[in-house]
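J.: using only what follows, build the 3D model:
(2 chains)
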Amino acid sequence: MNGSLAKAPSELSLLTAAIRTLHPSILGTLAVDLLRLPGRPSGSRRSLDGAISWLCTAHDQCERRGVSAGFSLKRGWLPPYPETTGYIIPTMLDYATLSNREEYIDRAIRMGEWECDVQMTNGAVQGGVYRGCNEERIPVAFNTGQVILGWVRLLDYPGRDRYADSITRAADWLVSTQSADGSWRLPGAETSTVVHAYDARTGWSLIEAGKALDNDNYIEAGKKNIEWTLTQESDSNWYRNNAFFSGTRMSMTFTHTISYVMEGLLGAWQIVRDDRYLEAAQRTAHKLLRIFEVRRFLAGDFDENWQSGKDYSCLTGSSQIAAVWLWIYMYNDDARYLNAALKLNDFVKATQNTEALHPGVRGAIKGSQPIWGSYSAFAYPNWAAKFFADSLMLELEAMDNFEKKTFDEKATDEDVK
Amino acid sequence: MKVVVLARTPRWYGFRNDRVIHALMRGGHDVRAVVVENVSTLSSVRQWGNKLGTRVLLSKVLDRLSRRRQSAREKQVSGQSGSSNSGHTGIPVRRFRSHNENTCVEYIAQCEPDVLVLRGCGILRGPVLRTPRIGTINPHYASLPYFRGMDVTEWSILLGAECAVSVHWVTEEVDGGDVILSKIVSTRGAESLGDMRERCASASRELLAEALTRIENESLKPTSTETVQGQQYYEMHPRIRRMAHRKLVGRA
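T.: Next comes the predicted model:
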């Protein structure tokens, strides 16, 4: 989640990495990025199927329990990652509905069960990848919130009681560790910063938990966090306290975390219906839309003045922002958001290789474009594929919606292939 | 009115038979110069192809060749040396890398125009906009202030609004200046979005000349509303563009 996926490499692992790089798929990726050759976006459905297929491969790597954190050019397939496995669950369930195939529901259930198995005794979800119970595990508020989102979606499936118990334990831990101002201020396993605006997604998860389990305490705790999040909005509609690190070269605010804030606000709004949440998310989304449309590129990170000076894109953040725009389009019918989302999704689609020989690359989404950018460099994180898939599923729905409104008929195959 | 026309074209693009300049001269206005910002042929052709479509683009090329042959039979025109080439009856055409560069601004100022007329330009900065005695005008292919920005003809069609051309004052705010004249452009019988763009282009020529006459007769000065109304639109995605085409053909 924070862009750093692996421990320091040993000499053997460096040798392995060097050999791995010789694979045609990987050499090809490096060459394309080095030469800045423009990619060609596939059809949205093809790209979506490719991303889901890769997520399934990442799931298979960990015996179909957790989902591998991703494929790293340096370290190969990584251990399973509880946080992101948690929010891949809704993606799998949504894809199961779209494709009408139960195998994806089965996968989501197996992920949910694994999450219950590895949940910490205090109810929290650990930071970082899972290397077994004997390794030191640090509880993280954000990670706990993301798995709650997955468990909540599974309440409609067999095993409800177990998920409800896990949600309760996780939500109780979040409430017990929440600061008086609504934020969480806990030492992180993956971050040097302690307080995060992107915990808006954690606040949202508590609201979802409260709604699902009919627990007003959770809802109030979630709302308290969202209220604190709103105080972090700057005059330029950027968010303070939204970086993983401080005082180092990694102290920038990625589009990934900016998107987390918007998602948390929108998710909370859908239940609480406090228009301030929606309006705040829309302000930031509109700012990003103007930036993207005028600059014709979305950099991977921005400072408070929305300046970047960087020539890489955080593909996870780009997918998330496209999804936020699509959501806003379906809410307010402003086709400019749909238009921008199509373009941004095309950008990400063009970076995907759906025909690569290497299973770690085929259908995957890089951390950064080019691959050596500041976010999850030289890796294909599972959450990049997850958010990309979410954005494409939303795109299909939005285009269908737009066709109906424009012509009162269904989308044509030409548009969705 | 003393006018300088600003345009963006490839180096090889000539203005000898330019219909905008014809229209301005027919309207009794004094075209002092054509000042061109050079752009690459590839990007121009790509843009023309995207906006007009192959059929309309080919039709324009053939029409231009035909007009060139016709004018070759008419009076010879004189030209200037150096980086310029000649246009109508000695109207100088000067080329620069950018309209905003100092040498270009100085040249425009030397022409002492009353009004600058824009013919498909990029963003102009303050120094350029301050060169004319009165102001700068631009033909915008949609109803202002409601449809600002790019691909506005297409957006108007897609969103079910009337197509129009608006001649407006140019300020540093994109499409923010007040409208001087506007005219509805019919979609009846249009076969493509390129057709509609051509109709807007055709309407804009006479409208520009009319606007200049109105500025002169009514002593108009540049104005802009304090709160910029309407919405800003951006380049249309091909899938959305296809829908705009379908909608046009459905209602044409």
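J.: who in the stretch 51-200 of chain B is up against chain A?
T.: B:158, B:159 (CB under 8 Å from any CB of the partner chain). Backbone N, C-alpha and C define where each C-beta goes, glycine included.
J.: give me the low-pLDDT residue ranges for the stretch 51-200 of chain B?
T.: The stretch 51-200 of chain B contains residues with pLDDT under 70 at B:73-89.
J.: mind listing the helices in it by residue range?
T.: Remark: helices assigned in the stretch 51-200 of chain B by DSSP state H, counting those that start in this stretch are B:102-110, B:126-129, B:152-158, B:193-218.
J.: could you dump the ones you listed into JSON lines with distance to residue A:207 added?
T.: Below are the helices of the stretch 51-200 of chain B laid out as JSON lines (distance: least, CB to CB, whole Å):
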{"stretch": "helix B:102-110", "distance to residue A:207": "57"}
{"stretch": "helix B:126-129", "distance to residue A:207": "49"}
{"stretch": "helix B:152-158", "distance to residue A:207": "37"}
{"stretch": "helix B:193-218", "distance to residue A:207": "45"}
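J.: please work out which of these is packed deepest.
T.: For the helices of the stretch 51-200 of chain B, the stretch with the most neighbours on average is helix B:152-158, a mean of 26; neighbours defined as mean count of other CB atoms under 10 Å in any protein chain shown.
J.: now for that one, which elements pack on it?
T.: Where contact means 3 or more CB pairs under 8 Å, 6 or more residues apart in numbering or on different chains; DSSP states H and E, helix B:152-158 is packed against strand B:163-169, helix B:193-218, helix B:238-251.
J.: and residue A:398, which of the helices of the stretch 51-200 of chain B is closest to it?
T.: Of all the helices of the stretch 51-200 of chain B, it is helix B:152-158 that lies closest to residue A:398, at 14.9 Å by CB to CB.
J.: tell me how far that closest one lies from the chain's centre.
T.: How far helix B:152-158 lies from its chain's middle: 17 Å, per CA atoms, centre = their mean, to the nearest Å.
J.: equivalent analysis for stretch A:348-357, please.
T.: With CA atoms, centre = their mean, you get 19 Å for stretch A:348-357.
J.: show me what it is in contact with.
T.: With contact meaning CB atoms under 8 Å, 6 or more residues apart in numbering or on different chains, stretch A:348-357 is reached by A:23-25, A:28-29, A:38-42, A:44, A:46-47, A:50-51, A:315, A:318-319, A:322, A:361-366, A:369, A:388, A:391.
J.: for residue A:120, give me its contacts.
T.: Residue A:120 makes contacts with A:126, A:137, A:139, as judged by CB under 8 Å, 6+ apart.
J.: pretty sure the first one sits against residue A:136.
T.: In other words, residue A:126. No - proximity of residue A:126 to residue A:136 does not meet the contact threshold set by CB atoms under 8 Å, at 9.1 Å.
J.: if we can go back for a sec, which of the contacts of stretch A:348-357 fall within helices?
T.: A:24-25, A:28-29, A:44, A:46-47, A:50-51, A:315, A:318-319, A:322, A:388, A:391 (DSSP state H).
J.: ok, of those residues, which come out buried?
T.: Among the ones in helices among the contacts of stretch A:348-357, the ones that count as buried by 16 or more other CB atoms under 10 Å in any protein chain shown are A:25, A:29, A:44, A:46-47, A:50-51, A:315, A:318-319, A:322, A:388, A:391.
J.: closest to chain B among those?
T.: residue A:44 (9.3 Å; CB to the nearest CB).
J.: and that closest one, how far from residue A:357?
T.: 23 Å (CB to CB, to the nearest Å).
J.: do residue A:278 as well
T.: Residue A:278 is 45 Å from residue A:357, by CB to CB.
J.: those two - which one has more neighbours?
T.: The residue with more neighbours, out of residue A:278 and residue A:357, is residue A:278; 19 against 12, by other CB atoms under 10 Å in any protein chain shown.
J.: where does that one land in three-state SS?
T.: Three-state assignment for residue A:278 (DSSP: H, G, I helix; E, B strand; the rest coil): helix.
J.: tell me which helix or strand the residue nearest to it when sequence neighbours are not counted sits in.
T.: Closest residue to residue A:278 in three dimensions, ignoring its sequence neighbours and counting by CB to CB, 6 or more residues apart in numbering or on different chains: residue A:269, at 4.5 Å. Residue A:269 is part of helix A:255-272, with elements assigned from DSSP states H and E.
J.: by contact count, what packs against that helix?
T.: Judged by 3+ CB pairs under 8 Å, 6+ apart, the packing partners of helix A:255-272 are helix A:200-213, helix A:216-231, helix A:275-295, strand A:301-302, strand A:313-314, helix A:315-332.
J.: can you show me the strands along the stretch 1-150 of chain B?
T.: Here the stretch 1-150 of chain B has its strands, by DSSP state E, counting those that start in this stretch, at B:2-9, B:30-38, B:84-86, B:92-96, B:115-119, B:135-140, B:147-149.
J.: in TSV: these, plus mean neighbour count.
T.: Output for these, formatted as TSV (neighbours: other CB atoms under 10 Å in any protein chain shown):
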stretch	mean neighbour count
strand B:2-9	22
strand B:30-38	21
strand B:84-86	18
strand B:92-96	19
strand B:115-119	24
strand B:135-140	24
strand B:147-149	22
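J.: now render these as JSON lines, adding distance to residue B:169.
T.: Putting those into JSON lines (distance: least, CB to CB, whole Å) gives the following:
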{"stretch": "strand B:2-9", "distance to residue B:169": "14"}
{"stretch": "strand B:30-38", "distance to residue B:169": "19"}
{"stretch": "strand B:84-86", "distance to residue B:169": "28"}
{"stretch": "strand B:92-96", "distance to residue B:169": "23"}
{"stretch": "strand B:115-119", "distance to residue B:169": "10"}
{"stretch": "strand B:135-140", "distance to residue B:169": "5"}
{"stretch": "strand B:147-149", "distance to residue B:169": "13"}
